[in-house]
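Novice: Quick one: sequence plus predicted model below, questions after.
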Amino acid sequence: MFKFFLIAAFVPALVLAQTPVRQCANGAGLPAYVQINDCTALPCDLVHGAPLVAEARGIVSPVDTPTMTAYIVIRLAGLQIPFPMPDGLEDVCAQGTAPGTCPVSAGQSFDYTLSFQDEVLTLSGVTVQAEVGITAADGSVIGCLEFDARLPQLKSRTALKMFKFLLIAAFVPALVLAQTPVRQCANGAPLPASTDVDGCTALPCDIQNGAPISAIARGITSPIATNTLSTYIVIRLAGLQIPFPMPDGLEDACAVGTAPGTCPVSAGQTFDYELNHGGQALTLTGVTVQVEVGLRGDGGAIVGCLEFDARIVG
């Protein structure tokens, strides 16, 4: 879905390059010349479904290596999202370099070119930072570049629906009257009868970065019989799903957050759940995210789930 970032396979570029890329934080060298389509100023506009051609010339390897591997990292609002290279494009020796380029000697200069047909992306209407590089057989970085890419708003009706599903489920109305107007999750799990997230009565809920958070869900009716209950949290920003590891001791909802004797749970049983999170400093500030909080039973079956918008304030 992020294939447009494959341009990154052209590793590093100098400030004098036609496309003004930046040096990566790892300090790896830039190529002598980089051209990404006809982009001459950042951010580069990448059009959904349009062909993309990128060329990097004068990549100088600092090491001897029999193989070269391309990698991509996407950053959005301070979040680092690793991007798995599609099959066949990770091997730089096989794709994009002249025959006989590999093995590469220290000090050897080579060029890399990639041309491909882009596809509609689920990420749209945002500007991201893309880091693309080439690593040697020992994992050291041969070259790396960074650039800003602006992804236009999706025009396709189907793609737009997909993006809205990932990003603004806010249009799905709350099925019950709750103190905090939460929404049903995309997995279709039942909502509690009432929910209170730190006294929030209108979305987005303001959450102080690093401050404790208290959420109470009353009247959760389990659709299944289960011996266990596990809490999970998922955060979404601009269509990106970011798993949120539960702090030690809070994942087991049978032990923490429910009344003694709640577990094991019978199908049709109703119970309450309270989540008291001590708070932690986040890299996100000044943005609105979608938060999904749910309970899983035996085998990962969803017992209950809710979603709400949260504005992270400093």
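Specialist: Sure thing, it's come through.

Novice: I'd like the next helix or strand past the lowest-mean-pLDDT helix or strand in the chain.
Specialist: Least confident helix or strand of the chain, by mean pLDDT, DSSP states H and E, is helix 157-167 with a mean of 40. Where DSSP states H and E defines the elements, the next helix or strand beyond helix 157-167 is strand 194-197.

Novice: who's in contact with that following strand?
Specialist: 176-180, 182, 205, 213-219, 306, 308 (C-beta atoms under 8 Å, 6 or more residues apart in numbering). From N, CA and C alone the C-beta is placed, and that goes for glycine too.

Novice: Same question for stretch 219-229.
Specialist: Contacting residues not belonging to stretch 219-229 are listed as 189-190, 192-194, 252-254, 258, 262-273, 295-298, 301, 303-304 [C-beta under 8 Å, 6+ apart].

Novice: what residue is smack in the middle of the protein?
Specialist: Centroid-nearest residue in the chain, with C-alpha atoms, centre = their mean: residue 240, separated by 3.7 Å.

Novice: what pLDDT does it get?
Specialist: According to the per-residue confidence, residue 240 scores 81 in pLDDT.

Novice: try residue 85
Specialist: 71.

Novice: Can you say which helix or strand has it in it?
Specialist: Counting by DSSP H and E, no helix or strand carries residue 85.

Novice: Look up the closest residue to it, ignoring the ones flanking it.
Specialist: Spatially, and ignoring its direct neighbours in sequence, residue 85 is nearest to residue 70 (5.7 Å; C-beta to C-beta, 6 or more residues apart in numbering).

Novice: remind me which residues of the stretch 201-314 of the chain are low pLDDT?
Specialist: 243, 279-284 (pLDDT under 70).

Novice: Which residue ranges of it form strands?
Specialist: 205-208, 213-221, 230-237, 240-244, 270-277, 288-296, 302-313 (DSSP state E, counting those that start in this stretch).
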